[in-house]
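pasting the sequence and the predicted model now:
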There are 2 protein chains.
Amino acid sequence: MDPDDSLLKFEIPEIIYGINSLSQIGHCAKRLGGERVLLVSDPGVIEAGWVDAAITFLDKENLKSIVYDNVVTNPRSFQVELGAQLYNAEKCDVIIALGGGSPMDTAKGIAILVTNHGRIQDYVGCNLISQPIPPLICVPTTAGTGSDVSQFAIIADPQDKIKMTILSRAIMADVSLIDPVLLQTKEPELIAATGMDALTHAIEAFVSSLSWPMTNPHAIHAIELVFKHLVDAAKTKDIKALEGMAIASLEAGIAFSNAILGAVHALAHPLGGLYDLHHGLANSLLLPVVVRRNLEHVPAKFAKIANAMGIETRRVPIERAAIEVPVKIEALISDLGLPTRLSQVGVRAADIPILAKQAQEDLCMLTNPHCYAVEAIEEMYREAF
Amino acid sequence: MDPDDSLLKFEIPEIIYGINSLSQIGHCAKRLGGERVLLVSDPGVIEAGWVDAAITFLDKENLKSIVYDNVVTNPRSFQVELGAQLYNAEKCDVIIALGGGSPMDTAKGIAILVTNHGRIQDYVGCNLISQPIPPLICVPTTAGTGSDVSQFAIIADPQDKIKMTILSRAIMADVSLIDPVLLQTKEPELIAATGMDALTHAIEAFVSSLSWPMTNPHAIHAIELVFKHLVDAAKTKDIKALEGMAIASLEAGIAFSNAILGAVHALAHPLGGLYDLHHGLANSLLLPVVVRRNLEHVPAKFAKIANAMGIETRRVPIERAAIEVPVKIEALISDLGLPTRLSQVGVRAADIPILAKQAQEDLCMLTNPHCYAVEAIEEMYREAF
């Protein structure tokens, strides 16, 4: 056995959190040595006014902003390449991602290419990035992705219609700047779907084979926060509920970046690649089905998750408590008004064998508490269909 | 109000944890760009064989080791200066601290001087360090100090017989490498005293005015672990118990580095300066007394601490649960066989006014849940006398 196998690691960016903390963005960029900022965002975030607000704060510190907004849900490899060309042409020296998971993952992809060169496909897999990236600040405008604190970037290959997973400590941001006020301009459906993404991160990290005492308290606290705040956050946009979800996303992100993920993500990634399905929604559709399978293998862990969800677990046998977890998740999805079947969102039954094959090969499957045969994965897709 | 006042921050080093992880020390130093290592330790750690073991691992990566072991409990400012001279004379490029709080704080002091110059006294206070320090790796051989993950260094001024607090993000280590095997060579009394230091960190961080959702889960989990493992760790040196204490120290360190501390530390520091008292022991002697005062101001927080200690808190009024906390701490101190009165360890009643004045001015007092007049501080010393 490699001596490294017994090592547990934990690494996160510097975190700055607070109402109106967006105002710190110029200060952050400056102290990382930045003078010319590539500001990676998307048209929705621009329309909400946050890019203009950020530029004002950057101007105050005499920083030049170059905006790159050629970003879509499930960002494409060619968008990363164009962004890297812009960074080089404009002689930028710092990257700020302002947006949800798509701008943040695009920014990470750009950061890889400007110092490591080649194509983004060259870096798909684990720890294949050799050169340090430029200074990177992530400012999330959704609560769920966790990309601001994670070692992951997921980029779609439009030719092959697959999502490519890049996992490397080299692509962790220097600073995650979290301002819950930015969440107020998102539509309720997006708050709901990204919140389900955070819940999936927390559950998968907690049951992962790489979970440990540094990741577990964050995973459990994130689950508590999602069940306390997500419905209110989506329905009322109450700032206290949004703050709760901002912290839930942060803690779930910290947990999964260090404990990695599991079968829900492995099954969700192919849905993003093939149908361009929103990642949070894909996770939400698959979560109850995968949890029902996984809980047979680690019932004690799911009993602890049940407790965090507010299910009475004292004097209840572990298996009985665990079995309540998917029921509670389904009730939450129903309260949020999200779709519950893959067939409702354009998935075709005929594609299931292809999806299952891709899911089985996904990096995230390696840390799932049980290793499933491709037939079992097909069954899970059918159960969620 | 300064806009920064509403910001919450969280920053920790990269953490590597595992049985026999000391073997990674050369790899860590090398990837930080090191070729010539200043290895800061102390005679006890050398005698236990850990310095030789570390040098063997550094040799394997072709790194040159220069050992500096002129370090005592409550390390002195002149020892820091001599260490910095050695670093410069030997043209070192990375610092590794291998030991308890004293070698780690000495290493931080050396790191400050080699890039910032001047005297260590110039940097006493908050955020006064302008130049980045050299790469720094901390490898703790005790479970309690938390210096390996903290933004603090405490150096004694032997002339004025005071302990000086340096607080700056600039002195955070790059890597905290935690190998619980290293704890096995410590005497039971030291395991007990340093474990009480960890408990004090966790309690003070949890009730601090700067505590927040990123620090609280770590503080609570550390308290749980101390009550589960400390007595076994000290009495049997069982590796599972030592692992529990290694994690407790880590999580308590993370919590206090980001939420800061309180009155126990403010009262303990002058005891270290004037009597050279072991820091963990000083905290242990003061903790019950300070907690009895503090719990009147934040009873709900202490009820949560009670719960983490294993006290039944359901259907118990908050104040009743909180009041059990100091009782439980006293029982733990008694189980550990540590002294319980300041008069047992050489403190003189006549010094109390001087001690109280220094305590009131200590940085750690700023985040205590209540601000005490100097008379109240004198009373606390007398109650612990």
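Yes, it's here. Residues are numbered from 1 along each chain as shown, chains lettered A, B, ... in the order given.

what packs against the one helix or strand A:Asp59 maps to?
According to DSSP states H and E, A:Asp59 maps onto helix A:50-60. Packing contacts for helix A:50-60, counted by 3 or more CB pairs under 8 Å, 6 or more residues apart in numbering or on different chains; DSSP states H and E, involve helix A:25-31, strand A:36-40, strand A:64-68, strand A:94-99. Placement of C-beta: from N, CA and C, glycine included.

mind exporting it as PDB, just the C-alpha atoms?
Output in PDB follows, covering the C-alpha atoms of helix A:50-60 (Å, rounded to 0.1, in the frame of the first residue of the first chain):
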ATOM      1  CA  TRP A  50     -23.800  42.700  -9.700                       C
ATOM      2  CA  VAL A  51     -21.100  43.000 -12.400                       C
ATOM      3  CA  ASP A  52     -21.500  46.800 -12.400                       C
ATOM      4  CA  ALA A  53     -21.400  46.900  -8.700                       C
ATOM      5  CA  ALA A  54     -18.200  44.800  -8.700                       C
ATOM      6  CA  ILE A  55     -16.500  47.000 -11.300                       C
ATOM      7  CA  THR A  56     -17.300  50.100  -9.200                       C
ATOM      8  CA  PHE A  57     -15.500  48.500  -6.200                       C
ATOM      9  CA  LEU A  58     -12.600  47.400  -8.400                       C
ATOM     10  CA  ASP A  59     -12.400  51.000  -9.900                       C
ATOM     11  CA  LYS A  60     -12.000  52.400  -6.400                       C
END
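
run the angle between that helix and strand A:64-68 for me.
Interaxial angle, helix A:50-60 versus strand A:64-68 (axes from the mean of the first three to the mean of the last three CA atoms, to 10 degrees): 160 degrees.

can you give me the angle helix A:50-60 makes with strand A:36-40?
Calculated by the same axes, to 10 degrees, helix A:50-60 forms an angle of 170 degrees with strand A:36-40.

in helix A:50-60, what's buried?
A:Trp50, A:Val51, A:Ala53, A:Ala54, A:Ile55, A:Phe57, A:Leu58 (16 or more other CB atoms under 10 Å in any protein chain shown).

circling back: winner for burial among the helices and strands packed on helix A:50-60?
Scoring those by mean neighbour count under mean count of other CB atoms under 10 Å in any protein chain shown gives strand A:94-99 as the most buried, with a mean of 29.

which other residues reach it?
Residues outside strand A:94-99 that contact it (CB atoms under 8 Å, 6 or more residues apart in numbering or on different chains): A:25, A:29, A:32-42, A:44-45, A:50-51, A:54, A:71, A:87, A:103-104, A:106-108, A:110-111, A:133-142, A:147-148, A:173.

give me the buried subset of those.
Buried members of these, scored by 16+ other CB under 10 Å, are A:25, A:29, A:32, A:34, A:37-42, A:44-45, A:50-51, A:54, A:71, A:87, A:103-104, A:106-108, A:110-111, A:133-142, A:147-148, A:173.

filter these down to the ones in helices?
Counted as lying in helices by DSSP state H, out of these, are A:25, A:29, A:44-45, A:50-51, A:54, A:87, A:103-104, A:106-108, A:110-111.

now do the contacts for the residue positioned nearest the centre of chain A.
Closest to where the C-alpha atoms of chain A average out (CA atoms, centre = their mean) is A:Thr145, at 2.8 Å. Residues counted as contacts of A:Thr145 (CB under 8 Å, 6+ apart) are A:Gly100, A:Gly101, A:Met104, A:Thr194, A:Asp197, A:Ser249, A:Gly253, A:His279, A:Gly280.

can those residues go into JSON lines with extra columns for distance to A:Ala321, secondary structure and pLDDT?
Formatted as JSON lines, the contacts of A:Thr145 follow (distance: CB to CB, whole Å; DSSP: H, G, I helix; E, B strand; the rest coil; pLDDT from 0 to 100):
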{"residue": "A:Gly100", "distance to A:Ala321": "34", "secondary structure": "coil", "pLDDT": "96"}
{"residue": "A:Gly101", "distance to A:Ala321": "32", "secondary structure": "helix", "pLDDT": "95"}
{"residue": "A:Met104", "distance to A:Ala321": "36", "secondary structure": "helix", "pLDDT": "98"}
{"residue": "A:Thr194", "distance to A:Ala321": "28", "secondary structure": "helix", "pLDDT": "97"}
{"residue": "A:Asp197", "distance to A:Ala321": "25", "secondary structure": "helix", "pLDDT": "98"}
{"residue": "A:Ser249", "distance to A:Ala321": "26", "secondary structure": "helix", "pLDDT": "98"}
{"residue": "A:Gly253", "distance to A:Ala321": "26", "secondary structure": "helix", "pLDDT": "97"}
{"residue": "A:His279", "distance to A:Ala321": "29", "secondary structure": "helix", "pLDDT": "94"}
{"residue": "A:Gly280", "distance to A:Ala321": "26", "secondary structure": "helix", "pLDDT": "96"}
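
now do the buried residues in stretch A:347-367.
Applying 16+ other CB under 10 Å to stretch A:347-367 flags A:Val347, A:Ile352, A:Leu355, A:Ala356, A:Gln358, A:Ala359, A:Gln360, A:Asp362, A:Leu363, A:Cys364, A:Met365, A:Thr367 as buried.

and the residue in chain A that chain B sits nearest to, how far from B:Ala222?
Evaluated by CB to the nearest CB, chain A has A:Pro217 as its residue closest to chain B, separated by 3.6 Å. Distance of A:Pro217 to B:Ala222, computed by CB to CB, to the nearest Å: 10 Å.

between those two, which one's more packed in?
B:Ala222 (32 against 22; other CB atoms under 10 Å in any protein chain shown).

quick check: which element contains the more buried one?
B:Ala222 belongs to helix B:216-236, assigned by DSSP H and E.

give the other helices and strands that that helix contacts.
Packing partners of helix B:216-236 (3+ CB pairs under 8 Å, 6+ apart): helix A:216-236, helix B:188-207, helix B:239-259, helix B:299-308, helix B:318-336.

redo those helices as a markdown table? Include distance to B:Ala384.
Formatted as a markdown table, the helices and strands packed on helix B:216-236 follow (distance: least, CB to CB, whole Å):
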| stretch | distance to B:Ala384 |
| --- | --- |
| helix A:216-236 | 32 |
| helix B:188-207 | 13 |
| helix B:239-259 | 21 |
| helix B:299-308 | 18 |
| helix B:318-336 | 11 |
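
out of those, nearest to A:Ala331?
helix A:216-236 (9.9 Å; CB to CB).

pLDDT score for A:Met1?
For A:Met1, the pLDDT comes out at 30.

since we're on the closest residue in space to A:Ser343 that isn't next to it in sequence, how many residues are nearby?
Among residues not flanking A:Ser343 along the chain, A:Phe385 sits closest, at 5.3 Å (CB to CB, 6 or more residues apart in numbering or on different chains). By the criterion of other CB under 10 Å, A:Phe385 has 15 neighbours.
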